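# below are the sequence and a predicted model; questions follow.
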Amino acid sequence: MIKIIADTTCGIPITKLQDAGIEVLPQIINFQDGSYRDDNEIDTATFLKKLRASKVLPKTAAPPHALYTPIYQKLLDEGHSALVITPSAEVSGTYRSALIAAKEFDTDRIQIVDTRTIAGGLGSIVLQAQKWANEGVGMEELVNKVQEMSKRHYAFFIVPTLDYLLKGGRIGGAAKLIGTLLKIIPILTVKDGKVEPFEKVRTLRQAKKRFIDLIVEACKDNPEPHLSISHCDNLRGAKELKHAVEKRLGVKNIPIYLVPPAIVVHAGPELLTMSCFTVEEKQV
């Protein structure tokens, strides 16, 4: 059987992933007082308290390759194959860690896919891959399906400030300068595996309205859009988006996930994200 391996950047609750039989690796959060795994050593509330109190922005690290090795060994010993689904290698070292560990085994029973995305969309890909694996899809076809689905991912982010992205080196300084001078709220997206500015609007209210319009347009005429909403310390905003999108599209039960600490370090608290998958390969 093919076993799926993910990590916490997919934003799906760890218990949900584990209950589905998916192996989960942590990201590492490095504060001045020590390092913490974000799967079992620090929860979101504690993380946010430390983040706001810290004078120095914490750093993040991908799961070291040594954490993959025993999982690979266990699955291979049990007669399984492993498909590792990772966040974009442009923003995380997770793909590289998984690859380094896989080289120790020299087998095609371990495959690794860089989805070129992160957060809720990555989570949707992970859950869909598990569904396909349970249906008996073979490894070659499964890898192709995951890669094809990744190309159709459409995601947008609203952050109240670009300070965290700037300090973390995840977005260019020009966007920060414009936002500061003109008090513009940026709508961000993922393009070619990187977080990039998409549009700038004058107010948060306008940003949310545009946010909704973009997702509705991307998801129309798609019977399986795999919509998701994610947030950090902004559940009210997430629920407002959920209600508006469900009403516009005539759908129900859009899941709301919590953005994991490794992403919040770079995007900041009060982050809102929405993602879906288009019928054809996206054009951003």
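Noted; the coordinates are in hand. Numbers count the residues shown, from 1 in each chain.
# residues contacting His231?
Neighbouring residues of His231 by CB atoms under 8 Å, 6 or more residues apart in numbering: Gly237, Ala238, Ile256, Tyr257, Leu258, Val259, Glu270, Leu271, Leu272, Thr273. Using the backbone N, CA and C atoms, a C-beta is placed for each residue, glycine as well.
# beta partners of it?
Beta-bridge pairing for His231 (DSSP bridges): Leu258, Leu272.
# can you tell me how far it sits from Lys242?
Using CB to CB, to the nearest Å, His231 is found at 10 Å from Lys242.
# what touches both of the two?
Ile256.
# can you list the domains in the chain?
2-27+62-151, 153-277 (automatic domain parsing).
# make a markdown table from those domains and add mean pLDDT and distance to Lys49 to it.
As requested, those are exported to a markdown table (pLDDT from 0 to 100; distance: least, CB to CB, whole Å):
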| stretch | mean pLDDT | distance to Lys49 |
| --- | --- | --- |
| domain 2-27+62-151 | 96 | 18 |
| domain 153-277 | 83 | 11 |
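# among those, which is nearest Leu51?
domain 153-277 (7.1 Å; CB to CB).
# mind checking how far the closest one is from the chain centre?
12 Å (CA atoms, centre = their mean, to the nearest Å).
# one more: stretch 35-44?
Worked out by CA atoms, centre = their mean, stretch 35-44 lies 17 Å from the chain centre.
# let me see the mean pLDDT of that stretch.
For stretch 35-44, mean pLDDT is 90.
# buried ones in that stretch?
Buried residues in stretch 35-44, counting neighbours by 16 or more other CB atoms under 10 Å, are found at Tyr36, Asp38, Asp39, Ile42, Thr44.
# nearest to Lys145 among these?
For these, the nearest to Lys145 is Asp39 (26.8 Å; CB to CB).
# not counting its neighbours along the chain, what's nearest the closest one?
Spatial nearest neighbour of Asp39, excluding adjacent residues (CB to CB, 6 or more residues apart in numbering): Pro26 at 3.8 Å.
# please report phi then psi for the one you found.
Taking degrees, to the nearest 10, you get phi -90, psi 160 for the backbone angles of Pro26.
# I'd like to know how many residues surround it.
By other CB atoms under 10 Å, the residues close to Pro26 number 23.
# ditto for the one 3 residues further on
Neighbour count of Ile29, defined by other CB under 10 Å: 24.
# same question, Ala53
8.
# same check on Gly136?
Quick note: Gly136 (other CB under 10 Å) scores 10 neighbours.
# to Val56, which of the domains of the chain lies closest?
Short answer: domain 153-277, nearest of these by CB to CB, at 9.5 Å.
# which one of the buried residues of stretch 35-44 sits closest to Glu196?
So of the buried residues of stretch 35-44, ranked by how close each gets to Glu196 (CB to CB), first place is Asp38, at 24.9 Å.
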